[in-house]
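1. below are the sequence and a predicted model for it; my questions follow.
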Amino acid sequence: MGTENGFFVDGVLHKLDQVTFHIPPSNWLSPWRFTSNDNRLEMVFVPHQERIDRQNLFFHVFTRRQVFGFFSGKAQLDDGSIVEFHNLTGFAERSKMIN
């Protein structure tokens, strides 16, 4: 079983439900917000670099945008306790296939 929406604290996976990326449409290098519908995640992502990869596969065009930067915010663990984090290095990406 896999998950896209979760985080590890002390080796334990804490799974979130739906996570929404609030991306500024006009400038992907502006700060982003991430929230979860179960109210367990509030996070800001401050990008510093973007990578765009495009591939043509026969009649399909695949585009992937990766943005690298720093995450800060808070998350609620399964036991209800809150962890705060500041300037964790990471990346976010968005993929799209056009037929």
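-> The structure has been received and is ready for your questions. Keep in mind that what you see is a predicted model, and the values were worked out from it rather than measured. Numbering: from 1, shown residues only.

2. is the closest residue to Phe34 other than its chain neighbours in a bridge, and if so with what?
-> Leaving aside its sequence neighbours, Phe34 sits nearest to Met43 (C-beta to C-beta, 6 or more residues apart in numbering; 4.3 Å). Where C-beta positions appear, they are placed from N, C-alpha and C, glycine not excepted. Beta-bridge pairing for Met43 (DSSP bridges): Phe34, Gly73.

3. how many neighbours does Met43 have?
-> Residues lying near Met43 (other C-beta atoms under 10 Å) number 18.

4. flag the shaky bits of this protein, pLDDT-wise.
-> Counting by pLDDT under 70, the low-confidence segments of the chain come to 1-3, 96-99.

5. now do the strands in it.
-> Applying DSSP state E to the chain gives strands spanning 6-9, 12-15, 19-22, 32-36, 41-57, 60-76, 82-98.

6. ranking those by burial, who's on top?
-> Of these, the one with the most neighbours on average (mean count of other C-beta atoms under 10 Å) is strand 32-36, at a mean of 17.

7. does it pack against any helices or strands, and if so which?
-> In terms of contacts (3 or more C-beta pairs under 8 Å, 6 or more residues apart in numbering; DSSP states H and E), strand 32-36 is packed against strand 19-22, strand 41-57.

8. ok now the shortest one, how far from the chain's centre?
-> Using C-alpha atoms, centre = their mean, to the nearest Å, the distance from the centre of strand 19-22 to the centre of the chain it belongs to is 7 Å.

9. give the residue farthest from the middle of this structure.
-> Residue farthest from the centre of the chain, counting by C-alpha atoms, centre = their mean, is Phe58 at 29.7 Å.

10. from Lys74, how far out is it?
-> Taking C-beta to C-beta, to the nearest Å as the measure, Phe58 falls 45 Å from Lys74.

11. same check on Gly80?
-> From Gly80 to Lys74 the distance is 13 Å (C-beta to C-beta).

12. now Lys15
-> Taking C-beta to C-beta, one finds Lys15 at 17 Å from Lys74.
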